[in-house]
Every structure is written in structure tokens, then in C-alpha cells.
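K.L.:
One predicted model, sequence on top.
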Amino acid sequence: MKVEVSEITPVRKKVAIEIPSEKVDEAINMTVDALLAEAEVEGFRKGHVPREVVVQRYGKKILDQVASTLIEESYPAAMQEQKLVPTSKPELDTTEVKEGEAFTYSAFVDVAPNISLKEYRGVKVEKKEITATDEEVKDSLRKLQEGAGQFVETTDAITENDMVTIDFECTIGGETIPGNSAKGYEFKVEGGARFPEFEDAVMGKKTGDSASFKKSFPEHYHDKAVSGKEVEFNLKIVSAKAKVDPELNDEFARDLGCENVADLKSQVKKQIYYGKERAEKDRQKSEAITKIIKENPFDIPESMVDKYYKQIASSVLEGVRRGVANPRDVNVSSDEFKTRYFDMAINQAKGDLILGAIAKKENVKVTEHELKQAVEGLAASRGESVENIQEMLDKEGVADVLREGIMKEKVFDIILG
């Protein structure tokens with residue numbers, strides 16, 4: 001096999017491969033032999049079709065199969081021989097397979113860049129002081145109380161955040177509209193009702209009170225019974241519940257697994273501190289890798305950037321779908337979206353390549369013991385058994401992702417000193 005590599009760019013190559021005629025003929029004969037055993041041709045018993053008949057009838061299929069087989073065998077070998085690491089599937093330009101002739105084809109492929117690392121140990125980054133203030137502790141405790149709050153019946157006037165249950169009936173000109181009435185309709189007075197008019201109608205009223213409002217529906221509304229009409233809603237408040245948060249006392253602290261309020265405050269303060277500590281370390285890592293990227297410029301394959309961009313886009317769009325995305329990512333054009341996140345994709349890709357290059361140079365390995373510790377830590381944080389977490393990792397095929405994460409942390413320990 002002859003292999004010639006031409007550089008299109010530092011990260012895109014043309015790999016021309018020539019397979020000698022004897023190898024081609026061998027592949028043709030093997031393919032024909034395999035087909036002889038399976039070919040079914042009218043007038044012949046299966047397995048007894050003459051070779052020349054099979055060749056005549058299945059000639060194109062045979063040659064296509066031979067081309068596919070030769071490429072599958074030779075392409076990986078050629079890449080290994082030339083010490084090229086592909087980052088994309090090859091785009092192939094092939095010739096026809098002919099008996100007695102060499103088979104040639106070209107593979108256009110993106111490859112990982114060669115990174116000549118400059119100094120990366122002990123990168124100087126800004127280190128910010130971490131504190132957990134009393135105000136932050138107070139705010140976190142308040143959120144814990146709110147999260148543990150429960151709705152209880154109230155006879156007070158309805159206010160925002162109350163949970164209300166109503167019966168209502170819809171009429172047009174005094175006539176009840178079939179299918180547009182309901183009993184036991186519950187909503188929270190915080191944008192939780194189907195129509196905002198429901199919330200406006202009950203605000204300030206009490207259980208047992210009645211209320212009404214009129215609402216005009218637009219033409220072509222999906223419910224034909226009310227489309228283009230003014231509808232009167234008559235409702236009665238069945239019940240109202242106000243949210244009552246637990247007091248910050250020792251009983252509440254014990255419900256959360258702490259000895260008393262002082263212990264709860266201490267645990268909350270630690271959690272705030274550890275959260276800030278993780279965030280600060282992430283910021284330092286980001287600053288360090290940005291500096292290293294600047295000091296080690298290199299080209300990056302378009303296919304790799306595209307892969308990272310798609311991952312980022314998928315994550316952001318999933319956040320939009322779940323309603324937890326940054327508001328600026330909602331209702332933006334595809335061009336705006338790409339402009340916003342394309343540079344991020346480039347930097348993430350370059351960062352991962354650099355971390356990989358450092359890991360290789362420093363011979364960073366992840367031991368089975370370290371992997372086991374990570375699985376145990378993940379299990380503890382989720383309150384699940386180690387066996388369940390390991391089964392999940394194996395089932396979803398993400399054990400390598402966990403291993404890569406450990407490797408990156410070890411590399412950052414080297415970088416940050």
C-alpha cells in the first residue's frame with residue numbers, strides 16, 4: 001500500500017492511498033467466492049451457480065463491495081502509519097475497482113493539531129478571597145423555610161401566592177356554554193391560573209365569596225364555542241389556602257438532620273463556602289486555560305468546532321425548553337445564537353485539546369482507585385448506592401466521561417501548581 005499525505009491546512013489533510021493490483025484481485029476473488037455460496041439464479045441450484053454467471057449478474061455489486069472492503073481495511077492502517085489522528089469522518093474520492101489494476105482513492109479528513117506546548121506549570125491567576133456572609137446564611141435559611149412551607153386553609157382575604165379552589169360557569173347572553181364549566185379548579189395566585197382574570201377576580205375576597213368577569217376571545221380561538229365572543233365567567237370560591245413557612249427553631253433544624261439551629265446555620269455556612277470555593281476554582285481554571293490558549297496558538301478543525309457548538313446549542317436549547325435558560329437566549333435568531341456561542345465552542349475545543357496534550361506530556365493517568373473514589377463520591381452526593389451509580393454509568397456509557405473529568409482535574413493541579 002502506498003500512502004501520500006498532502007496538507008490542505010495544518011488540520012485538514014488529503015490522504016491518497018494506492019492498493020496494489022494483487023491485493024485488489026485477492027479481494028475480488030474472496031468476494032466472488034462468498035457470493036457463490038449464497039447466489040440464487042434461476043436454472044441453477046443454490047451454491048452451484050457457475051462463477052462466470054455470478055460475475056456477469058452481480059458484477060457491480062461485487063466491485064462496490066470490494067471497494068468498500070479495501071477502504072475499510074486500508075484507511076485506518078494508513079492513518080496509523082502516518083501518525084494522523086482523525087477528528088472527522090473522511091470525505092472519499094474513489095476510482096472504480098478493476099481486476100488486474102491497482103485501486104486508488106483519496107480521503108479528505110480533519111486531523112487533530114500538533115500542539116507545541118510552552119510553559120504551562122504554575123500559571124499565575126488572580127485568587128479571590130472566599131467568605132460566607134451572615135446575610136447569605138440568613139437568605140439561605142429563609143429559602144429552606146420557604147421550601148418546607150405548606151398550604152393551610154385560611155379565612156383571610158386572598159393575597160398573592162395563596163392557593164385558591166373555585167367552581168366556575170361560563171355563559172354567553174345568559175346561556176351556559178356546554179363543556180366550559182368546572183368544579184374544583186385550583187390555581188396559585190402567582191400567574192398559575194389559566195387566565196389572569198381569574199386571579200384578579202379572587203384577589204381580596206374570601207372563601208364562600210362569588211365573583212365574575214367578562215373576557216373577549218379572539219377570532220379563530222381554538223375553542224369554537226367561545227371563538228370571537230364575549231364570555232362571562234361566574235365563579236365561587238370553594239377554598240383558599242395560605243402558605244405558612246415553618247419557624248426557624250431547633251425542631252425545624254432536626255427535620256433537616258441537624259442538632260439545633262446553631263448546627264443548621266453552621267452547615268449552611270459551610271455549604272455556601274464550599275459552593276463559592278468550587279466556583280472560584282472553576283474561575284481560576286478558566287482564566288488559566290485562557291492564558292495558555294493565548295500563549296499556544298494553533299489551528300483547530302472545523303468539524304471539531306462544529307461538534308462543540310452543537311453540544312453547547314443542545315444544552316442551551318434544553319434549558320430554554322425547561323424554562324431555566326438565560327432570558328437572552330429566548331427568541332433569538334439562529335445567526336445571533338451562533339454569533340453568541342461559536343467563539344465559546346472554539347475556546348472549549350482548544351481548551352480540551354491543550355489539556356489532553358498536557359496530560360500526554362506529563363503522562364497523567366487515572367487509576368482504578370481514583371475512578372472508584374469518584375463513583376463513591378457521586379453516589380454519596382445523590383444519596384444512591386455505589387452499585388446503582390456504577391450500573392447507570394455502564395448503561396449510559398459515560399464512565400469515560402467521568403474518567404476524563406478526573407484526568408482534567410489532575411492536569412489543572414499541575415497547571416495551577
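P.N.:
Alright, I've got the coordinates.

K.L.:
what does the model give the spatially closest residue to K188 that is not a sequence neighbour for pLDDT?
P.N.:
With C-beta to C-beta, 6 or more residues apart in numbering as the criterion, K188 has its nearest non-adjacent residue at 5.3 Å, and that residue is M163. Backbone N, C-alpha and C define where each C-beta goes, glycine included. Looking at M163, its pLDDT stands at 96.

K.L.:
Now that M163 has come up, it's in contact with V238, right?
P.N.:
No - M163 lies out of contact with V238 (C-beta atoms under 8 Å); the separation is 11.4 Å.

K.L.:
Which one of these two is surrounded by more residues?
P.N.:
Using other C-beta atoms under 10 Å, the more surrounded residue of M163 and V238 is M163, with 20 against 15.

K.L.:
what's across from the more buried one in the sheet?
P.N.:
M163 has these beta-bridge partners by DSSP bridges: K188, K241.

K.L.:
so what's it up against?
P.N.:
151, 186-189, 240-241, 243 (C-beta atoms under 8 Å, 6 or more residues apart in numbering).

K.L.:
now it: how far from L235?
P.N.:
Going from M163 to L235 by C-beta to C-beta, to the nearest Å gives 15 Å.

K.L.:
same check, this time on E409
P.N.:
58 Å.

K.L.:
same check, this time on E186
P.N.:
For E186, the distance to L235 equals 12 Å [C-beta to C-beta].

K.L.:
show me where pLDDT drops low in the stretch 151-300 of the chain?
P.N.:
Within the stretch 151-300 of the chain, no stretch falls below the threshold (pLDDT under 70).

K.L.:
how about the strands in it?
P.N.:
163-172, 175-176, 182-188, 210-216, 230-244 (DSSP state E, counting those that start in this stretch).

K.L.:
Which of those sits closest to L63?
P.N.:
Smallest distance to L63 across the strands of the stretch 151-300 of the chain (C-beta to C-beta): 69.6 Å, for strand 182-188.

K.L.:
quick check: angle from the closest one to strand 163-172?
P.N.:
130 degrees (axes from the mean of the first three to the mean of the last three C-alpha atoms, to 10 degrees).

K.L.:
Save the strands of the stretch 151-300 of the chain as CSV, and put in distance to V398 too.
P.N.:
Converted to CSV, those look like this (distance: least, C-beta to C-beta, whole Å):
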stretch, distance to V398
strand 163-172, 40
strand 175-176, 56
strand 182-188, 37
strand 210-216, 50
strand 230-244, 39
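
K.L.:
So which of the ones you listed is nearest A77?
P.N.:
Closest to A77 of these, according to C-beta to C-beta: strand 182-188, at 65.3 Å.

K.L.:
measure the residue nearest in space to the middle of the chain to E22 for me?
P.N.:
Centroid-nearest residue in the chain, with C-alpha atoms, centre = their mean: S315, separated by 4.3 Å. S315 sits at a distance of 52 Å from E22 (criterion: C-beta to C-beta).

K.L.:
E146 and I389, how far apart?
P.N.:
Using C-beta to C-beta, E146 is found at 31 Å from I389.

K.L.:
Would you mind telling me which of these two has the busier surroundings?
P.N.:
Using other C-beta under 10 Å, the more surrounded residue of E146 and I389 is I389, with 20 against 11.

K.L.:
pretty sure the more buried one is touching G377, no?
P.N.:
No - with contact defined as C-beta under 8 Å, I389 does not count as touching G377 (9.5 Å).

K.L.:
Quick one: distance of the longest helix anywhere in the chain to the chain centre.
P.N.:
Among the elements of the chain assigned as helix by DSSP state H, the one spanning the most residues is helix 261-295. How far helix 261-295 lies from its chain's middle: 23 Å, per C-alpha atoms, centre = their mean, to the nearest Å.

K.L.:
Repeat that for stretch 65-80.
P.N.:
Centre-to-centre, stretch 65-80 and its host chain are 33 Å apart (C-alpha atoms, centre = their mean).

K.L.:
re the thing from before, for R254, state which of the contacts of M163 is nearest.
P.N.:
Proximity of the contacts of M163 to R254 (C-beta to C-beta) peaks at K243, which lies at 22.0 Å.

K.L.:
residue contacts, the closest one?
P.N.:
By C-beta under 8 Å, 6+ apart, K243 lies in contact with 149-151, 161-163.

K.L.:
rerun that using 6 Å as the cut-off
P.N.:
Shown in contact with K243 (C-beta atoms under 6 Å, 6 or more residues apart in numbering): 149, 151, 161.

K.L.:
Turn those into CSV, columns for distance to E384 and neighbour count.
P.N.:
Shown next, in CSV, are the contacts of K243 (distance: C-beta to C-beta, whole Å; neighbours: other C-beta atoms under 10 Å):
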residue, distance to E384, neighbour count
G149, 27, 14
F151, 31, 15
N161, 34, 13
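
K.L.:
Now intersect these with the helices, please.
P.N.:
Using DSSP H, no member of the contacts of K243 sits in helices.

K.L.:
between the residues you listed, which is nearest Y309?
P.N.:
N161 (41.1 Å).

K.L.:
May I have the phi/psi pair for that closest one?
P.N.:
Main-chain torsions, N161, degrees, to the nearest 10: phi 80, psi 0.

K.L.:
Tell me how many other residues surround the closest residue in space to it that isn't next to it in sequence.
P.N.:
Leaving aside its sequence neighbours, N161 sits nearest to E190 (C-beta to C-beta, 6+ apart; 5.3 Å). When counting by other C-beta under 10 Å, one arrives at 11 neighbours for E190.

K.L.:
just the one 5 residues further on next, same as before
P.N.:
Taking other C-beta under 10 Å as the criterion, the count of residues near F195 is 12.

K.L.:
Which residues lie in contact with it in this structure?
P.N.:
Counting by C-beta under 6 Å, 6+ apart, F195 touches no other residue.

K.L.:
Please report how far it lies from E376.
P.N.:
F195 is 51 Å from E376, by C-beta to C-beta.

K.L.:
average pLDDT for the helix or strand hosting S106?
P.N.:
Element membership for S106 (DSSP states H and E) is strand 103-110. Per-residue pLDDT over strand 103-110 has a mean of 96.

K.L.:
Go through that strand and flag the buried ones.
P.N.:
For strand 103-110, a neighbour-count test (16 or more other C-beta atoms under 10 Å) marks 103, 105-107, 109-110 as buried.

K.L.:
From K60, how far off is V54?
P.N.:
Distance of V54 to K60, computed by C-beta to C-beta: 12 Å.

K.L.:
out of the two, which sits in the more crowded spot?
P.N.:
More crowded of V54 and K60, by other C-beta under 10 Å: V54, with 20 against 9.
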